[in-house]
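# turn this into a model:
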Amino acid sequence: MPKDDDIQAGGTSEEGGDKPEPADKAEAAPEPADKAKPTPKAKAKAQPTPAPATAPKKEKEPGKAYRLSVSSAPHLKSPEDTAKIMRWVLIALLPALAGAVWFQGWRSLMLVAVAAVSAVVFEAAIQLATKKPLTVRDCSAVVTGVLLAFNLPYYVPWWLPVVGSFAAIAIAKQAFGGLGYNLFNPALIGRAVLLAAWPVHMTTDWYSHAEGARALPHLANLSGTTVDAVSTATPLAVMKDAAATFANPGAAPEALAQAKAVVAQLTGAEGLGKLALGDVGGCIGETSAVLLLIGALVLVIKGIADWRVPVGYLASVAVFMTVFGWVGGVWTGLFHLLAGGLMLGALFMATDMVTSPVTKKGRWIFGVGCGILASVIRLWGGYPEGVSYSILLMNAAVPLVDRFTVPKFFGEKGAGRA
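Numbering: from 1, shown residues only. Presented below is the predicted three-dimensional model:
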C-alpha cells in the first residue's frame, strides 16, 4: 500500500480518488505584480494625448504656380542688372558721340539714332514672332545699335545702318538664342556684313564726294595730292601705302622721299595730337582716342569692364609694333595705338561680357590674342584695319580658352593645376 505521503497533490491512485480537473477549469494563477490592475488615476494617465488640431490647408491661388527653384552657384545677387549695365555703357559712349558731332557734324546723331531704333525694332519683332519674352527694355539692343553706328563712316546712306542692325540682331544675337547666348559680338558681325556687301560705302564714305573731305593738311597721299581726292586715305591707309613704298625695291627716289615725309608727319607731334583728339578721317566713333579712354575709365571704375582685356590688347599691339612696325626707320607703335578703331575695339568691343572669357587668365589670353591678330592684319593683310576681325576670331576661341582656364572642381582630374 502506498503511503499517504506518496499520493500526488491534485490527484489519487488509480484505484480510487477523483479525476484531475481540465486545465481550462483550473484555478487561474495570480498575476505578477507588474501586471496588476491599474487604478483609475493610472488609467487616466495612460490615455493617449489627443493630436493638436492642424490648421486648414491654404488653398492654392488660382492661376499662381508654386515651384521649387534649384539653381547652380553663385547664389549671391548683385544690385546691378542688365538694364543698369547697358545704361552705364551708353553713358560711357557719350563723350565719343559728342566728339563725333563736334569734329564731323550732326549727321553722326542721325546715324546713331537710326541704328539704335532699328536694332530695337528688329529685336522686338523677332521676339514677338517667335513668342519669346520681350527684352528690349534691357537696352542691350540700343547698345548694339550705337556701337554699330560708331563703326560707320559719316556719309553712308541712311539704310546702311538699318541693314547692319538687322544682321547684328537677327543673325548674331537672336539666332543664337538672345543676349547671353551669342558667340560673336553682334555689332561687329553687323559691320563685317556691311563691309563684305558694300565695301565702297564702308571705305569711302568717310567724306562727301560733293563737299570733299574735311581732311587735315598734313595727311597727304603718295601721289602728291591731298587726301580730299583719295577715297581710302584714312591715316591707316596712308601709312600702309608708305610702308608698301618702302618695301618696293623698284620705288623711285621721289616716291621714297615723299613716303618718308608722310611717315614723319603721321608719327610727329602734330599728327599724333590730331589722332588723339579725333580730328581725322574715319568712322564716326573711332577717331578720338582720348574721349574713348574717358568713357572706358567709367566702366572700369564701375566694375563693368575688366581692365585686363584692353590692357592686354593695347600692350600686345605696342610690343608687336616695336618688333615689326618700323616704316622707313621710324617706329609706328604709338601711331597704331591711336589710329583707326583700336581704342574703340579694345575698350568697348573686346570687353563685352558675353563674348569674352570668364576667367582672369582667359581675359589676358583673349586681349593678347586680339592684339596680335590686329597687328598682323594691319601690317600684312589686305585691309588697313584689322580690329574687327581680330575680335571676331578671338570670340570664336573663347569656349576653348574657358575650357583650359576655368578651375577644376575638387576631386576632378587635374584639380589643383588649373
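# use CA for all of it now, contacts and neighbours both
Noted.
# all the helices of the stretch 151-300 of the chain, residue numbers only.
Listed in chain order, the helices found in the stretch 151-300 of the chain under DSSP state H, counting those that start in this stretch are 159-166, 186-197, 199-204, 235-247, 253-267, 269-277, 289-301.
# quick one, which of those helices is nearest to Leu147?
In terms of C-alpha to C-alpha, the element of the helices of the stretch 151-300 of the chain nearest to Leu147 is helix 186-197, at 6.0 Å.
# if we go by neighbour counts, what in the closest one is buried?
Pro186, Ala187, Leu188, Ile189, Gly190, Arg191, Ala192, Leu194, Leu195 (16 or more other C-alpha atoms under 10 Å).
# can you check stretch 302-321 too?
Neighbour-count burial for stretch 302-321 flags 304-318, 320-321 (criterion: 16+ other C-alpha under 10 Å).
# over to stretch 160-170?
Those would be Leu160, Pro161, Val162, Val163, Gly164, Ser165, Phe166, Ala167, Ala168, Ile169, Ala170, for stretch 160-170 by 16+ other C-alpha under 10 Å.
# residues contacting the first one?
So that's Leu160. By C-alpha atoms under 8 Å, 6 or more residues apart in numbering, the contact set of Leu160 is Leu194.
# try 10 Å this time
Leu111, Val114, Ala115, Ala149, Leu152, Arg191, Leu194, Trp198, His201, Met202 (C-alpha atoms under 10 Å, 6 or more residues apart in numbering).
# show me what contacts the closest residue to the last one other than its chain neighbours?
What sits nearest to Met202 in space, not counting adjacent residues and going by C-alpha to C-alpha, 6 or more residues apart in numbering, is Leu195, at 5.8 Å. Contacts of Leu195 were listed using C-alpha under 10 Å, 6+ apart, and they are Leu152, Gly164, Ile189, His201, Met202, Thr203.
# returning to what we had before: of the helices of the stretch 151-300 of the chain, which approaches Gly99 most closely?
Among the helices of the stretch 151-300 of the chain, helix 289-301 comes nearest to Gly99, with 7.2 Å by C-alpha to C-alpha.
# average pLDDT for the following helix or strand past that closest one?
Where DSSP states H and E defines the elements, the next helix or strand beyond helix 289-301 is helix 308-324. For helix 308-324, the mean per-residue pLDDT is 96.
# kindly export helix 308-324 (C-alpha atoms) in CSV.
Provided in CSV are the C-alpha atoms of helix 308-324 (Å, rounded to 0.1, in the frame of the first residue of the first chain):
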residue,chain,number,x,y,z
ARG,A,308,42.8,93.1,-68.3
VAL,A,309,41.3,92.8,-71.8
PRO,A,310,42.1,96.3,-73.1
VAL,A,311,45.5,96.4,-71.3
GLY,A,312,46.5,93.0,-72.9
TYR,A,313,45.1,94.2,-76.3
LEU,A,314,46.9,97.5,-76.4
ALA,A,315,50.1,96.2,-74.8
SER,A,316,50.4,93.4,-77.3
VAL,A,317,49.9,95.8,-80.2
ALA,A,318,52.7,98.1,-78.8
VAL,A,319,55.1,95.2,-78.4
PHE,A,320,54.3,93.7,-81.8
MET,A,321,54.8,97.1,-83.5
THR,A,322,58.0,97.6,-81.6
VAL,A,323,59.4,94.5,-83.2
PHE,A,324,57.7,94.6,-86.7
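# could you list every helix and strand in contact with the helix or strand just after it?
Next helix or strand after helix 308-324 toward the C-terminus (DSSP H and E): strand 326-327. In terms of contacts (3 or more C-alpha pairs under 10 Å, 6 or more residues apart in numbering; DSSP states H and E), strand 326-327 is packed against helix 235-247, helix 253-267.
# mind showing which ranges of this structure have poor pLDDT?
1-80, 207-233, 409-418 (pLDDT under 70).
# sorry, back to before: of all the contacts of Leu195, which comes closest to Gly177?
The closest of those to Gly177 turns out to be Ile189 (C-alpha to C-alpha; 15.7 Å).
# which ones are touching the closest residue to the closest one other than its chain neighbours?
Among residues not flanking Ile189 along the chain, Ala168 sits closest, at 5.7 Å (C-alpha to C-alpha, 6+ apart). For Ala168, the contact set (C-alpha under 10 Å, 6+ apart) comprises 119, 122-123, 141, 144-145, 148, 162, 174-175, 184-193.
# could you do Ala251 as well?
Ala244, Thr245.
# show me what contacts Ala83?
If you count contacts by C-alpha under 10 Å, 6+ apart, Ala83 has them with Val89, Thr135, Val136, Arg137, Asp138, Cys139, Ser140.
# that one should be in a helix, yeah?
Yes - assessed with DSSP: H, G, I helix; E, B strand; the rest coil, Ala83 lies in a helix.
# please parse the chain into its domains.
Per automatic domain parsing, the structural domains of the chain span 81-206, 306-408.
# before we move on, back to that, out of the helices of the stretch 151-300 of the chain, which is closest to Ala98?
Evaluated over the helices of the stretch 151-300 of the chain, closeness to Ala98 peaks at helix 289-301, with 8.8 Å, by C-alpha to C-alpha.
# okay but Leu111 is in contact with Trp159, surely?
Yes - assessed by C-alpha atoms under 10 Å, Leu111 is found in contact with Trp159 at 9.5 Å.
# more crowded one of those two?
The residue with more neighbours, out of Leu111 and Trp159, is Leu111; 27 against 13, by other C-alpha atoms under 10 Å.
# so how far is Tyr154 from the more buried one?
Distance, Leu111 to Tyr154, by C-alpha to C-alpha, to the nearest Å: 8 Å.
# what's the answer for Gly282, then?
Counting by C-alpha to C-alpha - Gly282 and Tyr154 are separated by 8 Å.
# now for those two: what residues contact both?
Gln104, Met202, Thr204, Asp205, Trp206, Tyr207.
# identify the farthest-apart pair in those residues.
The most widely separated members of the shared contacts of Gly282 and Tyr154 are Gln104 and Met202, with 16.2 Å between them, by C-alpha to C-alpha.
# now do the contacts for the closest residue to Leu236 other than its chain neighbours.
Using C-alpha to C-alpha, 6+ apart and skipping residues adjacent in sequence, the residue nearest Leu236 is Pro384, 5.8 Å away. Each residue near Pro384 by C-alpha under 10 Å, 6+ apart is listed here: 232, 234-241, 340, 374-375, 377-378.
# good, we can wrap up now.
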